[in-house]
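# how would this look folded up:
(one chain, ligands or ions: 1)
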Amino acid sequence: MSDETEVMIGLETHVQLDTDTKLLCGCENEQDSDPNTNVCPTCLGHPGAKPRLNEKVIEEALKLAEALDCDVNEDVFFSRKTYFYPDMSKNFQTTQFELPVAENGNFEISLEDQDIDIGIKRIHIEEDPAKLDHVGGDISNSDYTLVDYNRAGTPLLEIVTKPDFTSPQEAREYLQQLERVLEYLEIYFSDTEFSIKSDANVSIDGGNRVEVKNITGTKEVEKALSFEISRQKQMTARGGEVEQETRSFNSDMGSTTSMRKKETEEDYGYIFEPDLTRQELDEERKSAASEKVPELPRQKFSRFKEEYGIADKLIESLISVPAMADDFENLAEEHEPELVASWMTGELKKTLNYNEVSYEESGVKTEWIEYVLELLEEDKISDRNAEQLLRDLVEEPRGPEEIVEQEDLLKAEDDEVDQVVEQVIEDNPDAVEDYNSGEEGAINFLVGQVMRQSGGKADPNTAREKILDRLEG
Ligand SMILES: [Zn+2]
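Here you go, the predicted model:
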């Protein structure tokens with residue numbers, strides 16, 4: 001911030017996990033199905049239905065706990081958070097309150113070449129409520145509201161930070177770098193139906209804390225916080241006091257509106273959940289989860305920097321797509337790392353983004369990329385045609401040899417150019433005479449003719465040299 005306002009921000013982030021089944025029942029964890037088709041007595045809250053814990057979720061939580069450097073609690077249990085609303089037909093949410101899976105962690109993020117430590121207060125498991133569909137408007141003015149219980153019981157990991165952010169930019173950067181870690185851990189993927197939602201606690205100059213709810217994704221948080229901070233500043237500048245309250249972020253308007261005066265955690269009347277057994281998170285379970293934690297983005301960044309010595313920007317771009325980073329390493333064994341990285345993160349990635357297809361799903365094979373690199377290294381293809389070839393490989397995946405042949409993308413061989421030069425000189429005696437009588441511009445005409453007759457494959461400089469050799473030799 002450019003002025004002297006002291007800003008304190010903490011985030012509570014809910015990550016929907018990409019597990020096969022829901023947290024407490026065997027229903028498919030699939031939100032895009034027809035409404036209310038992935039439901040059962042347990043996730044509909046029928047009396048007498050008993051929950052059963054999806055142990056996979058514990059494993060995912062332990063993986064994240066390790067990645068965020070947290071202490072794992074050995075003996076954890078679940079609690080019921082009482083609340084009455086149509087999106088939670090049990091009238092309580094199964095969550096963790098007293099003893100979460102993990103606490104006291106740290107996540108180091110980088111922003112503009114600075115490393116910033118963000119304290120992690122806790123990571124806990126809970127279930128997502130159902131989805132409310134306000135038909136014909138929003139919560140305050142819709143004609144009626146539909147409830148879809150497909151989402152009821154989707155496993156969530158809630159990650160609560162300490163109030164360590166001092167700007168909206170830091171909060172955005174944290175969420176983006178957290179999302180990458182979640183993808184590396186393979187517990188969440190940004191290109192699926194699942195999402196990340198955050199609530200932010202924000203205060204200025206030691207004033208009252210306002211909670212901003214409903215911030216979806218990783219980029220919106222900057223917009224929501226910037227609005228809220230300037231609202232609080234304006235309020236105090238006018239001599240008013242910021243009230244402790246909960247506000248809702250409206251993404252379309254880019255503003256926050258008051259929802260309710262803030263309730264405290266005690267208001268929810270947490271009680272112990274007797275239907276779920278206590279979970280012992282012993283060494284065996286921790287190390288089983290630990291084995292599934294791969295090299296994380298920041299470690300990979302440092303290693304790439306040291307091993308390959310390529311530009312930070314190239315590394316950033318590579319590690320944002322783990323499969324691409326892996327293929328880069330394979331290709332960099334035989335080829336110049338700078339060349340491999342710049343082609344993978346350049347034209348290839350640009351085309352993938354343009355076609356909205358992921359690297360893994362594109363069908364582009366590593367050996368195809370290697371083929372293009374070899375053509376470049378052997379100077380058999382121009383940069384322009386190599387770009388064309390990569391675009392074709394993404395748009396219509398097939399063997400690059402075939403494309404090169406069909407589209408005639410290779411540079412002309414030397415003797416092929418020689419032949420064209422020979423022919424052009426023979427066919428244009430007037431231009432040759434003009435050149436010989438001192439009109440040097442005539443050479444450009446001849447070069448143009450060579451380019452035209454070779455279908456653009458001859459290199460113009462080579463063509464010029466060859467014509468001059470021939471005319472002056
Ligand atoms: Zn169910």
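# What's the end-to-end length of stretch 405-417?
Using C-alpha to C-alpha, to the nearest Å, one end of stretch 405-417 lies 18 Å from the other.
# In it, which residues are buried?
409, 411-412, 417 (16 or more other C-beta atoms under 10 Å). All C-beta atoms are positioned from the backbone trio N, CA, C, and that covers glycine.
# so which of these comes closest to the ion?
Leu409 (54.9 Å; C-beta to the ion).
# in what helix or strand does the nearest residue to that closest one once chain neighbours are set aside lie?
Excluding the flanking residues, the one nearest Leu409 by C-beta to C-beta, 6 or more residues apart in numbering is Asn385, at 4.3 Å. Secondary structure assignment for Asn385, by DSSP states H and E: helix 383-395.
# helix or strand right after that helix?
Counting by DSSP H and E, the next helix or strand C-terminal to helix 383-395 is helix 400-407.
# ok and that next one relative to helix 383-395, angle-wise?
With axes from the mean of the first three to the mean of the last three C-alpha atoms, to 10 degrees defining the directions, helix 400-407 sits at 120 degrees from helix 383-395.
# before we move on, back to that, what would the buried residues of stretch 405-417 look like in JSON lines with secondary structure and pLDDT?
Shown next, in JSON lines, are the buried residues of stretch 405-417 (DSSP: H, G, I helix; E, B strand; the rest coil; pLDDT from 0 to 100):
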{"residue": "Leu409", "secondary structure": "coil", "pLDDT": "81"}
{"residue": "Lys411", "secondary structure": "coil", "pLDDT": "80"}
{"residue": "Ala412", "secondary structure": "coil", "pLDDT": "74"}
{"residue": "Val417", "secondary structure": "helix", "pLDDT": "83"}
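# Can you tell me the element His14 falls in?
Using DSSP H and E, His14 sits in strand 7-16.
# still on that earlier bit, report all helices and strands that the helix holding Asn385 contacts.
The helices and strands touching helix 383-395, judged by 3 or more C-beta pairs under 8 Å, 6 or more residues apart in numbering; DSSP states H and E, are helix 349-354, helix 366-377, helix 400-407.
# same thing but at 10 Å, please
Helices and strands touching helix 383-395, by 3 or more C-beta pairs under 10 Å, 6 or more residues apart in numbering; DSSP states H and E, are helix 337-343, helix 349-354, helix 366-377, helix 400-407.
# And Tyr149, how far from Pro41?
For Tyr149, the distance to Pro41 (C-beta to C-beta, to the nearest Å) stands at 11 Å.
# which one of these two has more residues nearby?
Of the pair Tyr149 and Pro41, Tyr149 is the one with more neighbours under other C-beta atoms under 10 Å, namely 22 against 12.
# Check the gap between that one and Asn91 for me.
The gap separating Tyr149 from Asn91 is 14 Å, by C-beta to C-beta.
# Please apply the same query to Phe194.
26 Å.
# neighbour-wise, which of the two wins?
Just comparing Phe194 and Asn91: by other C-beta under 10 Å the higher neighbour count belongs to Phe194, 21 against 11.
# quick one on the thing from earlier: worst average pLDDT in the helices and strands packed on helix 383-395?
Among those, helix 400-407 carries the lowest mean pLDDT, at a mean of 87.
# Could you list every helix and strand in contact with that one?
helix 366-377, helix 383-395.
# circling back to that earlier point, the helix holding Asn385 to helix 366-377, inter-axis angle?
170 degrees.
# what does the average pLDDT come to for helix 383-395?
Here the average pLDDT along helix 383-395 is 90.
# and stretch 275-292, which residues are buried?
276, 279, 281, 285-286, 289.
# Contacts made by the helix or strand harbouring Ala463 with the rest, please.
In this assignment (DSSP H and E), Ala463 forms part of helix 460-472. With contact meaning C-beta atoms under 10 Å, 6 or more residues apart in numbering, helix 460-472 is reached by 411-412, 414, 417-418, 420-422, 424-425, 431-432, 435-436, 442-444, 446-451, 454, 458-459.
# and that helix, how far from the chain's centre?
51 Å (C-alpha atoms, centre = their mean, to the nearest Å).
# One more: stretch 459-469?
The answer for stretch 459-469 is 48 Å, by C-alpha atoms, centre = their mean.
# Report the secondary structure state of the residue of the stretch 251-400 of the chain found nearest the ion.
The ion sits closest to Asp275 of the stretch 251-400 of the chain, with a gap of 14.2 Å, by C-beta to the ion. Following DSSP: H, G, I helix; E, B strand; the rest coil, we place Asp275 in the coil state.
# So it sits against Thr94, correct?
Yes - counting by C-beta atoms under 10 Å, Thr94 is a contact partner of Asp275 at 8.7 Å.
# okay, and the common contacts of the two?
24, 51, 53, 78, 80.
# If I take the longest strand anywhere in the chain and strand 7-16, what angle do their directions form?
Identified as the longest strand of the chain according to DSSP state E is strand 114-127. For strand 114-127 against strand 7-16, the angle by the same axes, to 10 degrees is 50 degrees.
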